[in-house]
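A.B. asks: can't give you the sequence, but here's the structure:
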């Protein structure tokens with residue numbers, strides 16, 4: 001088979017520019033749509049049907065504001081090497097819904113609109129969960145259990161609407177007792193400026209379900225086949241969930257790692273939104289090592305859409321191997 005040199009390829013490209021004069025009448029271009037397709041992705045996990053639904057992108061600007069004590073040059077070097085922007089971190093919000101055949105379990109809720117202008121603190125691209133759920137054929141009233149990894153704004157503020165009404169009227173809510181206590185206590189409105197909004201939002205959303213709370217306890221099931229794993233540091237009661245079916249386990253890691261490059265290649269870096277950055281880094285290394293060793297598949301909340309893949313060891317850190325993105329049924 002003949003080979004194609006770079007010189008020949010460039011020459012062919014130049015030749016392609018020489019085209020006959022077109023005399024046909026030109027028509028107006030179609031208008032720009034400026035809208036994205038409904039974002040949902042479905043796959044099987046044993047006998048379970050898994051659907052990932054997007055709440056929309058959540059950018060952190062500038063990128064450096066997401067970290068504490070990190071070299072700007074090193075961070076930008078890692079981003080550039082991985083073909084990523086250096087002025088912001090384009091995080092996703094990958095909300096997992098598991099249909100076990102007996103229950104429909106939603107993991108986290110996205111940002112929502114419950115806190116008005118505060119709901120747009122990360123920009124206007126969030127709050128798309130309910131619309132994308134419906135596009136995926138799932139109604140909020142069908143959700144039996146909302147399993148929260150933690151009580152930050154982008155994980156629980158869509159439990160209720162702007163008027164305080166439950167968005168998931170038939171659901172129980174699972175959350176660690178530590179997070180429930182901390183994020184509904186006004187005495188914790190201290191430290192970073194965002195803490196006041198975070199606590200006010202958690203109170204509004206969590207208190208609406210106080211009569212139907214389920215405590216997520218480390219090593220115990222919140223539903224058949226769904227086990228809570230304590231991963232403290234990002235919040236005091238941050239929780240992952242291992243979903244086991246048919247001899248396989250997939251782990252919803254919540255905010256164990258916010259970035260698929262920076263916090264995998266540099267897992268000891270301190271993330272600015274962690275309640276205890278040092279503890280979060282220790283937890284991150286421990287869990288990433290376990291996930292890589294046990295080869296459990298992962299759904300990560302903030303990794304590139306749809307957040308499904310595997311973690312592998314890579315030098316002194318780790319690397320992200322995304323799963324094929326085609327819907328697998």
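C.D. replies: Sure, I can see it. For clarity, every value in this text was computed on a predicted model and none was experimentally measured. Numbering: from 1, shown residues only.

A.B. asks: can I assume residue 303 is in contact with residue 320?
C.D. replies: Yes. In this structure, residue 303 is within contact of residue 320 by C-beta atoms under 8 Å, at 6.6 Å. Where C-beta positions appear, they are placed from N, C-alpha and C, glycine not excepted.

A.B. asks: In terms of neighbours, single out the busier of those two.
C.D. replies: Shown here are residue 303 and residue 320; by other C-beta atoms under 10 Å, residue 303 has more neighbours (23 against 20).

A.B. asks: quick one: common contacting residues for residue 303 and residue 320?
C.D. replies: Counting by C-beta atoms under 8 Å, 6 or more residues apart in numbering, the shared contacts of residue 303 and residue 320 are 260, 309.

A.B. asks: so how many other residues sit close to residue 101?
C.D. replies: Neighbours of residue 101 under the rule other C-beta under 10 Å: 9.

A.B. asks: Return the residues in contact with it.
C.D. replies: Counting by C-beta under 8 Å, 6+ apart, residue 101 touches 47, 48.

A.B. asks: mind checking how far it is from residue 136?
C.D. replies: According to C-beta to C-beta, to the nearest Å, residue 101 and residue 136 sit 17 Å apart.

A.B. asks: does residue 304 count as helix, strand or coil?
C.D. replies: Three-state call for residue 304 (DSSP: H, G, I helix; E, B strand; the rest coil): coil.

A.B. asks: Any figure for the gap between it and residue 120?
C.D. replies: Distance, residue 304 to residue 120, by C-beta to C-beta: 22 Å.

A.B. asks: Which one of the two is surrounded by more residues?
C.D. replies: For residue 304 versus residue 120, the count of surrounding residues by other C-beta under 10 Å is larger for residue 304: 18 against 14.

A.B. asks: Verify the stated contact: that one with residue 91.
C.D. replies: No. With contacts counted by C-beta under 8 Å, residue 304 stays clear of residue 91, the gap being 9.1 Å.

A.B. asks: Under the pLDDT cut-off, which ranges of the stretch 201-329 of the chain? List them.
C.D. replies: 326-329 (pLDDT under 70).

A.B. asks: remind me, longest helix of this structure?
C.D. replies: Criterion DSSP state H: the longest helix present in the chain is helix 277-294.

A.B. asks: Quick one: residues in contact with that one.
C.D. replies: Identification of contacts with helix 277-294 by C-beta under 8 Å, 6+ apart yields 68, 229, 231-234, 238, 240, 249, 251, 253, 256-257, 263-264, 267-271, 274, 296, 298, 310-313, 318.

A.B. asks: Can you give me the buried ones in it?
C.D. replies: Neighbour counts over helix 277-294 (16 or more other C-beta atoms under 10 Å) mark 277, 279, 280, 281, 283, 284, 287, 288, 291, 292 as buried.
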